[in-house]
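*Asks:* Task: produce atomic coordinates for the following.
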Amino acid sequence: MKFSVEQIAEILEGEVEGEGGVLIDHFAKIEEGRAGSISFLANIKYEPYIYSTESSAVIVSREFIPKNAVKTNLIRVKDPYLSVSKLMAAYQQMKKVKKTGLSPKAEIDETAGIGMDVYIEPMVYVGEQAVIGDRVSILAGAYIGHRVKIGPNTVIHPGVKIMEDCVIGSNCVLHPGVVIGSEGFGFAPDENGVYQDIPQLGNVVLGDNVSIGANTTIDRATMGSTRIGTGVKLDNLVQIGHNVEVGENTVVASQTGISGSTKIGKNCMIAGQVGFAGHIKIADGTKIGAKSGVAKSIDEPGGVYSGHPLLPLKQYLRLMINLSKMK
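*Replies:* Numbering: from 1, shown residues only. Got it, this is the predicted structure:
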């Protein structure tokens, strides 16, 4: 598929600087661009490439002022990174050929409810009284447990396991190897010091537009529900404990672990390898740096923190500066 620079600018609500009729048929990094490709410049470190790139067009900020002559065509937008993401998503949707139909090699319980235009690949298991919404895609080797509910337009990638009674919202994406509703880590020692299992009787509930990265695990609640809010994005290899709640539009990077019954607010940003103690609360809009240890609740919304023990970012940076001066 080919689109003119002008057509792309219209999609992105941007302004063309150059020749709007030039045709684009693929994406490329700005340093690897060639004729027919479109790139973007969001990080100023890559600015030198805009003067030499062979890309036919580059998406830039409206505020970008070139220091030298630019030979490529520019599309000026408010946010280049967000705009190229939007463009890639639109292109992906145009390319996608929607498949439908149920493989005869899948095992689907006769009591399961299957919506319209569902696509199920070989070696998928769908359990008793499961409900699969319209236009859901379930790819090879996935396991959908008894009484699971999956909302419309959700994509379940190969090898995903969704255990009994869990609820998945609409327009979600679960990447390969995700496990939803595994047993929470619940044990109690008896009078002899032998650990006994605490039954995990709850479930996991995912809101709409949730993305779960590869091999991420979300444990079912002991009682009630482990809840992942609408718009949450979890990276690969994230561990969510039982009865955790993650608020709407929060993003969590790889290898973060959230212990049981912790409640994370809306619109938070959690970097990689952050560890959360259990039974704490994190205020809306909190940002936490990589490899931090969060042992206490954070009550003030919109704070930025880092370190182990966790400190407000400015205090943490001053501490690092002072430590670097010690001999």
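*Asks:* Y316 is in contact with S306, isn't it?
*Replies:* Yes. Between Y316 and S306 there is a contact under C-beta atoms under 8 Å: 4.6 Å. Yep, even glycine has a C-beta here, placed from its N, CA and C like the rest.
*Asks:* Need the residues touching each of those two.
*Replies:* Here Y316 and S306 have G289 as joint contacts, going by C-beta atoms under 8 Å, 6 or more residues apart in numbering.
*Asks:* the more surrounded of the two?
*Replies:* S306 (22 against 19; other C-beta atoms under 10 Å).
*Asks:* Quickly list what the more buried one is bridged to.
*Replies:* Beta bridges link S306 to L311, judged by DSSP bridges.
*Asks:* which ones are touching it?
*Replies:* S306 makes contacts with I288, G289, A290, S292, L313, Y316, L317, as judged by C-beta under 8 Å, 6+ apart.
*Asks:* tell me the domain boundaries of this protein?
*Replies:* The chain breaks down into these domains under automatic domain parsing: 3-95, 160-317.
*Asks:* hey, where'd the helices end up in the stretch 1-150 of the chain?
*Replies:* Along the stretch 1-150 of the chain, counting by DSSP state H, counting those that start in this stretch, helices occupy 5-12, 47-50, 80-95.
*Asks:* With respect to C172, which of those lies nearest?
*Replies:* helix 80-95 (15.3 Å; C-beta to C-beta).
*Asks:* Identify all contacting residues around that closest one.
*Replies:* Contacts with helix 80-95, where a contact means C-beta under 8 Å, 6+ apart, come from 1, 8, 11-12, 14, 27, 38, 40-42, 59-61, 75, 77.
*Asks:* which one among the contacts of S306 gets closest to Y195?
*Replies:* Nearest to Y195 among the contacts of S306 is S292, at 29.5 Å by C-beta to C-beta.
*Asks:* Contacts only, for that closest one.
*Replies:* With contacts defined as C-beta under 8 Å, 6+ apart, the neighbours of S292 are A271, V274, G275, Y305, S306, G307, H308, L310.
*Asks:* What subset of the residues you listed is buried?
*Replies:* Among the contacts of S292, those that count as buried by neighbour count (16 or more other C-beta atoms under 10 Å) are A271, V274, G275, Y305, S306, G307, L310.
*Asks:* So what does the second one have for phi and psi?
*Replies:* As for V274, its main-chain torsions (degrees, to the nearest 10) stand at phi -90, psi 140.
*Asks:* Pull the distance from stretch 266-282 to the chain's centre.
*Replies:* Put simply, stretch 266-282 sits 15 Å off its chain's centre (C-alpha atoms, centre = their mean, to the nearest Å).
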